[in-house]
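K.L.:
can't give you the sequence, but here's the structure:
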């Protein structure tokens, strides 16, 4: 059994978790053109090495982040999302042409 | 002639013919460099040499011929996909497979044994009916069959109604087949090498040289080479290689595990898969039962085998074939699959001129090998994208025109 340490629930069987994708900051939708937006949505770094990624403890629906080595499958650390998201983001809708499809 | 045989037997030299290029120095320049010596790379080289007269070609393989995902896949050949682009593409591949041994004059052990996908719910029956209609419309043999026909096709299948997921119907694909995966790579590489293509094993591409938006050469662990064009055919390492050319790809690499039992006498003819219990089973011509399923739950570049997957694959396989409870496992392994967001490959032009992509082969790479060789070689030789692979270009993601291939994996849809 492989263990993953949830920042809320402690070490649990990795089968209790759902992988949530690579962490990469969301570009501002108001100033991002369609191409860059497509890259943000579909493209992945898919790095071989240490990556930061989202995980969710399925049973408690708790989302957090992990640093994991994608070659050796070692989890280096797990941490709460508040470490990276420490201020409120307000999205303001604009009619900028570039932001539209 | 018995004398010839006797002479050969008593000879000290054994003039065995080399199938592949013996190791030699890299040339300074090649017209085409193919990165990746698997089935796809070898097929592209073969078609370039045989049908387009382009023989100044090098296949650069960092390990050995056909030692990556060509060796790790479970050798399923089928074309019962769901999208029009997918069905057309894979059915051409099945046609080429049927004639491959003749094409090579080399036995790839092609066996058309059919493929059966099981429905355990009304929803699955509806989607199978849809798939059968699409398939038949495009000339692929694919039909919905009832329980009685299933029991006749696969007498040892657990048809009990007293289990968690009783079998309700099936999608029967008579064109489904299997072949010796190594022989496919060897056949292509042999045919390519006989026509002047150089296969360089233990040759790793470390960097890709680009000048004014155009690829001009590659740097390998054995020195630099100049080239007119580069094709990357490195399933499982596509993101890593494309990154060297500065090309981002919509790929995540997941391990896909499979295992085989000890050999039994032949008792299972078709390939049987169940999207409900996430497993597929077929018996090889050696008698081993191959058991495979869905990808691992998270991305990884390691090809380790896990106990979790062995447990779930075994449980599912026993649900379908209870007699396998007695079987001993011989081996369990993994391959690295390039999963794309829409379960379709990424083939064709790239943002870099003369740099061609053959990537995103997820769990559908082996069955596409022959058609991939034909179409990619045509692209490299003529610089025009063949109709058959136009829908699979990388640019589709920028236009939000994905090809949702829900028939892509036999075990997880």
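P.N.:
Received, thanks. Please read all numbers here as calculations on a predicted model, not as lab measurements.
K.L.:
next SSE downstream of the worst-scoring helix or strand of chain A on mean pLDDT?
P.N.:
Lowest by mean pLDDT, DSSP states H and E among the helices and strands of chain A is helix A:34-42, with a mean of 94. On the C-terminal side of helix A:34-42, the nearest following helix or strand under DSSP states H and E is strand A:50-57.
K.L.:
packing partners of that following strand?
P.N.:
Contacts defined by 3 or more Cβ pairs under 8 Å, 6 or more residues apart in numbering or on different chains; DSSP states H and E place strand A:50-57 against strand A:17-22, strand A:62-69. (Glycine included, C-beta is placed from N, CA and C.)
K.L.:
what angle do strand A:62-69 and that strand make with each other?
P.N.:
Here the directions of strand A:50-57 and strand A:62-69 differ by 150 degrees (axes from the mean of the first three to the mean of the last three Cα atoms, to 10 degrees).
K.L.:
tell me which residues of strand A:50-57 are tucked away?
P.N.:
By 16 or more other Cβ atoms under 10 Å in any protein chain shown, the buried positions in strand A:50-57 come out as A:51-53, A:55-57.
K.L.:
what comes into contact with that strand?
P.N.:
Counting contacts by Cβ atoms under 8 Å, 6 or more residues apart in numbering or on different chains, the residues outside strand A:50-57 that touch it are A:4, A:6, A:8-9, A:12, A:16-23, A:45, A:62-70, A:76, A:78.
K.L.:
average pLDDT across it?
P.N.:
On average, the pLDDT along strand A:50-57 is 97.
K.L.:
circling back to that earlier point, okay, the buried residues of strand A:50-57 in JSON lines with distance to residue B:341 next?
P.N.:
Converted to JSON lines, the buried residues of strand A:50-57 look like this (distance: Cβ to Cβ, whole Å):
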{"residue": "A:51", "distance to residue B:341": "18"}
{"residue": "A:52", "distance to residue B:341": "20"}
{"residue": "A:53", "distance to residue B:341": "16"}
{"residue": "A:55", "distance to residue B:341": "20"}
{"residue": "A:56", "distance to residue B:341": "19"}
{"residue": "A:57", "distance to residue B:341": "25"}
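K.L.:
where does the prediction get shaky in the chain?
P.N.:
Let's take chain A. Where chain A drops to pLDDT under 70, the residues are A:93-101.
K.L.:
that answer is for a different chain, and I need it for chain B
P.N.:
In chain B (pLDDT under 70), the answer is B:1, B:15-16, B:408-413.
K.L.:
point me to the residue of the stretch 1-150 of chain B nearest chain A.
P.N.:
At 13.6 Å from chain A, residue B:62 is the closest residue in the stretch 1-150 of chain B, using Cβ to the nearest Cβ.
K.L.:
which element, helix or strand, includes that residue?
P.N.:
Secondary structure assignment for residue B:62, by DSSP H and E: no helix or strand.
K.L.:
name the nearest residue to it, sequence neighbours excluded.
P.N.:
residue B:204 (3.7 Å; Cβ to Cβ, 6 or more residues apart in numbering or on different chains).
K.L.:
what's the distance between the one you found and residue B:386?
P.N.:
30 Å (Cβ to Cβ, to the nearest Å).
K.L.:
how about the residues of chain A near chain B?
P.N.:
Listed as neighbours of chain B in chain A under the rule Cβ under 8 Å from any Cβ of the partner chain: A:1-2, A:14-15, A:18-19, A:34-35, A:38-39, A:42-48, A:70-73, A:101.
K.L.:
what do you get if the cut-off is 10 Å, keeping everything else the same?
P.N.:
By Cβ under 10 Å from any Cβ of the partner chain, the residues of chain A that approach chain B are A:1-2, A:4, A:13-15, A:17-22, A:34-39, A:41-49, A:51, A:53, A:55, A:66, A:68-73, A:101.
K.L.:
before we move on, the earlier item: among the helices and strands packed on strand A:50-57, which is the most enclosed?
P.N.:
Stretch with highest mean neighbour count among the helices and strands packed on strand A:50-57: strand A:62-69 (a mean of 19; mean count of other Cβ atoms under 10 Å in any protein chain shown).
K.L.:
returning to what we had before: any buried residues in the least confident helix or strand of chain A, and which?
P.N.:
Per 16+ other Cβ under 10 Å, helix A:34-42 contains these buried residues: A:37-39, A:42.
K.L.:
pull the contacting residues for residue 65.
P.N.:
No chain specified, so I'll use chain A. Shown in contact with residue A:65 (Cβ atoms under 10 Å, 6 or more residues apart in numbering or on different chains): A:7, A:20, A:23, A:52-55, A:77-85.
K.L.:
to clarify, I was referring to chain B.
P.N.:
B:19-20, B:37-39, B:41-42, B:59, B:71, B:182, B:185-186, B:188-190, B:193, B:199, B:201 are the contacts of residue B:65 under Cβ under 10 Å, 6+ apart.
K.L.:
now with 6 Å, please.
P.N.:
Residues counted as contacts of residue B:65 (Cβ atoms under 6 Å, 6 or more residues apart in numbering or on different chains) are B:37, B:189.
K.L.:
again with the one 4 residues further on
P.N.:
With contacts defined as Cβ under 6 Å, 6+ apart, residue B:69 is in contact with B:235-236, B:335.
K.L.:
ok, now which ones touch the residue nearest the centre of chain B?
P.N.:
Per Cα atoms, centre = their mean, the C-alpha nearest to the average position across chain B is that of residue B:366, at 1.3 Å. By Cβ under 6 Å, 6+ apart, residue B:366 lies in contact with B:73, B:181.
K.L.:
can you rerun that using 7 Å?
P.N.:
B:39, B:73, B:75, B:181 (Cβ atoms under 7 Å, 6 or more residues apart in numbering or on different chains).
K.L.:
before we move on, back to that, tell me if I'm right that the residue of the stretch 1-150 of chain B closest to chain A and residue B:201 touch.
P.N.:
No - in this structure, residue B:62 is not within contact of residue B:201 by Cβ atoms under 7 Å, at 8.3 Å.
K.L.:
neighbour count: those two, which is higher?
P.N.:
Remark: of residue B:62 and residue B:201, residue B:62 carries more neighbours, 21 against 16, as counted by other Cβ atoms under 10 Å in any protein chain shown.
K.L.:
any idea how far residue B:237 is from the more buried one?
P.N.:
For residue B:62 relative to residue B:237 (Cβ to Cβ), the value is 9 Å.
K.L.:
what of residue B:306?
P.N.:
Residue B:306 sits 21 Å away from residue B:237, taking Cβ to Cβ as the criterion.
K.L.:
give me the more crowded residue out of these two.
P.N.:
A side-by-side neighbour count of residue B:306 and residue B:237, using other Cβ under 10 Å, places residue B:237 first with 23 against 18.
K.L.:
find the nearest non-adjacent residue to the more buried one, please.
P.N.:
Leaving aside its sequence neighbours, residue B:237 sits nearest to residue B:336 (Cβ to Cβ, 6+ apart; 7.5 Å).
K.L.:
give me the element the one you found is part of.
P.N.:
strand B:329-339.
K.L.:
and the following helix or strand past that strand, what other elements does it pack with?
P.N.:
Downstream of strand B:329-339, the first helix or strand assigned by DSSP H and E is strand B:346-349. If you count contacts as 3 or more Cβ pairs under 7 Å, 6 or more residues apart in numbering or on different chains; DSSP states H and E, strand B:346-349 packs onto strand B:355-359.
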